[in-house]
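Participant: give me a 3D structure for the following:
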Amino acid sequence: MKGWWCVAVWGILLVQPLSAQSDKFPGNMQSDVYFLAHDSLQGRAPDTDGARIAAQWIADRFQHLQLQPVFDHTYYQPFIYQESGRNIPTENVLAQTNPGRPCRLIIAAHYDHLGRGQHHSREVFPNRIHNGADDNASGTAMLLELAKWCMNTDSLSGYNVLFVCFSGHESGLFGSQLFVQYPPFLLDSSMFVLNLDMVGRLDTTQKPPPLYFRIPENSHWPTWMLPASQEGLNVVVKKTDQLLDHTAFERMGIPAATFSTGIHDDYHKSTDDAERINYAGMEQVLQYVKGFILKLIH
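Facilitator: Now for the predicted structure:
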């Protein structure tokens with residue numbers, strides 16, 4: 001039997017396997033996914049205790065990594081949107097690496113999910129917890145690992161990297177739209193936006209497995225800066241009209257794209273759980289994104 005460890009968060013006891021702390025996977029991406037996709041967070045729907053726990057946990061991680069707040073000494077950007085005639089209060093969570101330096105890059109991911117199922121659910125059975133391990137605990141976990149890396153990489157010390165975790169995504173991309181409408185001053189100097197959305201299911205049955213780089217049909221992304229495949233990874237540049245969190249930035253004229261390992265059968269179902277994530281694949285994607293970031297900034 002696997003070992004287990006426990007942690008209490010806001011009075012909720014979270015039980016996670018010790019394998020989530022294994023040294024096999026550098027960083028904490030596996031344990032982060034297990035945390036965010038645990039049943040106790042009830043699917044992280046905005047304006048629920050689970051979403052508030054997730055937001056505070058992300059902010060605490062930013063602080064632990066010594067990232068700096070952006071707005072008035074806080075990591076939160078609160079906002080309200082309407083859904084089904086009800087006001088939904090929630091918040092984006094954001095931080096920066098080097099205040100006062102030029103902001104060359106924004107790295108984003110949404111942390112909310114469908115709770116016990118909304119009208120976007122593909123689940124057959126009602127009232128099931130949708131843990132959203134891939135969508136988008138995986139993207140949030142990778143964002144946090146990139147934040148740690150940026151804070152400890154000398155070649156990035158001359159730049160400011162902004163990290164944004166959006167809420168209200170599943171209801172209509174409200175977090176990213178709010179962010180570009182009421183942006184921090186850093187947005188004025190930002191050159192690129194990389195969004196991470198569903199990066200946890202690299203399909204190794206395909207040789208080499210595909211990593212998708214989604215950009216709008218009329219993208220501002222420079223052709224010479226598009227990512228290229230490498231040994232063991234087929235990077236597919238895919239133009240799409242699908243609305244994603246990068247869309248709001250593209251409409252502002254900022255080259256923006258979304259990295260994703262693609263849609264799968266568990267998408268928007270209660271079966272999108274932490275044990276189904278390809279953690280070795282996440283590590284492979286992480287290393288690729290790191291190299292791409294160095295190319296962008298330099």
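
Participant: roughly how far apart are residue 180 and residue 106?
Facilitator: 10 Å (C-beta to C-beta, to the nearest Å). In short, each C-beta sits where N, CA and C put it, glycine included.

Participant: who's the spatially most central residue of the chain bridged to?
Facilitator: The residue lying closest to the centre of the chain (C-alpha atoms, centre = their mean) is residue 109, at 2.7 Å. Note on residue 109: beta-bridge partners by DSSP bridges are residue 165.

Participant: residues touching it, list them.
Facilitator: For residue 109, the contacting residues are 136, 139, 140, 142, 143, 164, 165, 166, 195, 196, 197, 245, by C-beta atoms under 8 Å, 6 or more residues apart in numbering.

Participant: and with 7 Å instead?
Facilitator: Residues counted as contacts of residue 109 (C-beta atoms under 7 Å, 6 or more residues apart in numbering) are 136, 139, 140, 143, 165, 195, 196, 197.

Participant: among those residues, which lie within strands?
Facilitator: 165, 195, 196 (DSSP state E).

Participant: pull the contacting residues for the closest residue to residue 135 other than its chain neighbours.
Facilitator: Closest residue to residue 135 apart from its sequence neighbours, by C-beta to C-beta, 6 or more residues apart in numbering: residue 198 at 5.1 Å. Contacts of residue 198 were listed using C-beta under 7 Å, 6+ apart, and they are 134, 135, 136, 138, 139, 260, 261.

Participant: of the residues you listed, closest to residue 68?
Facilitator: Using C-beta to C-beta, residue 139 is the member of these that sits closest to residue 68, with 21.9 Å.

Participant: now do the helices in the stretch 151-298 of the chain.
Facilitator: With DSSP state H, counting those that start in this stretch, the ranges of helices along the stretch 151-298 of the chain come out as 169-172, 174-181, 247-250, 279-297.

Participant: need those in a markdown table with mean pLDDT, mean neighbour count and distance to residue 73, can you?
Facilitator: Below are the helices of the stretch 151-298 of the chain laid out as a markdown table (pLDDT from 0 to 100; neighbours: other C-beta atoms under 10 Å; distance: least, C-beta to C-beta, whole Å):
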| stretch | mean pLDDT | mean neighbour count | distance to residue 73 |
| --- | --- | --- | --- |
| helix 169-172 | 94 | 20 | 26 |
| helix 174-181 | 94 | 21 | 18 |
| helix 247-250 | 94 | 22 | 25 |
| helix 279-297 | 95 | 18 | 27 |
